[in-house]
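Undergrad: Everything below, folded, please.
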Amino acid sequence: MDKLYTPSMIILGIFGYHNKVTSTDVQEHTLTPMLQELERLPDMVLLPSEGHSSIYVADWAESLHIKTQVFQSDWTRNGKVAQRIRDERMQKECTHALVYLSSRSDRLEKYAESLARKGKVVFTSSSNQTLQMLTCPEPKVAMPEPLKKASTSARKSSKGTVQMLLKFQTTK
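TA: Next up, the predicted model:
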């Protein structure tokens with residue numbers, strides 16, 4: 001029996017930026033290898049409003065008729081946390097991420113790792129334009145020890161609600 005193929009959406013979020021790159025650099029060293037790995041174009045690209053690399057990705061997406069959405073940072077209202085607020089909004093919508101790493105800080109590297117742990121497909125581009133795909137290892141699930149018996153006790157809190165406390169004993 002043949003399975004019906006339903007394509008999943010690829011919504012690519014761009015985090016961080018590089019200013020010392022050219023349009024050709026972004027296409028040859030970042031976008032082309034990433035697309036070879038994904039094996040298809042994204043359905044939508046979410047971009048920060050800053051950086052030359054964002055301009056080049058927006059031009060590339062426009063030339064391929066890919067929808068783009070630009071996210072602004074409200075620096076006057078939010079101050080130093082404006083970038084993080086913007087990135088959180090983008091993170092909620094994206095399924096895939098391209099993170100431009102900074103040579104001055106490891107904040108974006110940690111952010112890329114957290115995106116991968118949340119199940120996003122993450123690519124990172126270092127300051128020397130080396131593209132890398134992050135994979136998150138399967139979480140190790142601790143196997144519970146066999147339970148012998150469970151006893152329950154209840155106590156009233158100061159507000160009159162009942163809290164159940166479970167105490168488990170394990171077999172040896």
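
Undergrad: tell me the pLDDT at the residue nearest to the spatial centre of the chain?
TA: Nearest to the geometric centre of the chain sits residue 115, at 3.1 Å (C-alpha atoms, centre = their mean). Per-residue confidence (pLDDT) for residue 115: 92.

Undergrad: Helices of the chain, start to end?
TA: With DSSP state H as the criterion, the chain has helices at 23-26, 32-38, 52-63, 75-78, 82-93, 107-117.

Undergrad: Check the ones you listed for me: which has the lowest mean pLDDT.
TA: For the helices of the chain, the stretch scoring lowest in mean pLDDT is helix 75-78; its value is a mean of 88.

Undergrad: Burial check on the spatially closest residue to residue 30 that is not a sequence neighbour, number of neighbours?
TA: Nearest non-adjacent residue to residue 30, counting by C-beta to C-beta, 6 or more residues apart in numbering: residue 125, 5.0 Å away. (Each C-beta comes from the backbone N, C-alpha and C, glycine too.) When counting by other C-beta atoms under 10 Å, one arrives at 26 neighbours for residue 125.

Undergrad: now residue 47
TA: By other C-beta under 10 Å, 23 other residues sit near residue 47.

Undergrad: do the same with the one 5 residues further on
TA: Other residues lying near residue 52 total 16 when counted by other C-beta under 10 Å.

Undergrad: Now do the contacts for it.
TA: By C-beta atoms under 8 Å, 6 or more residues apart in numbering, the residues touching residue 52 are 17-21.

Undergrad: circling back to that earlier point, quick one, which of the helices of the chain is nearest to residue 133?
TA: Comparison of those against residue 133 by C-beta to C-beta identifies helix 32-38 as nearest, at 6.1 Å.
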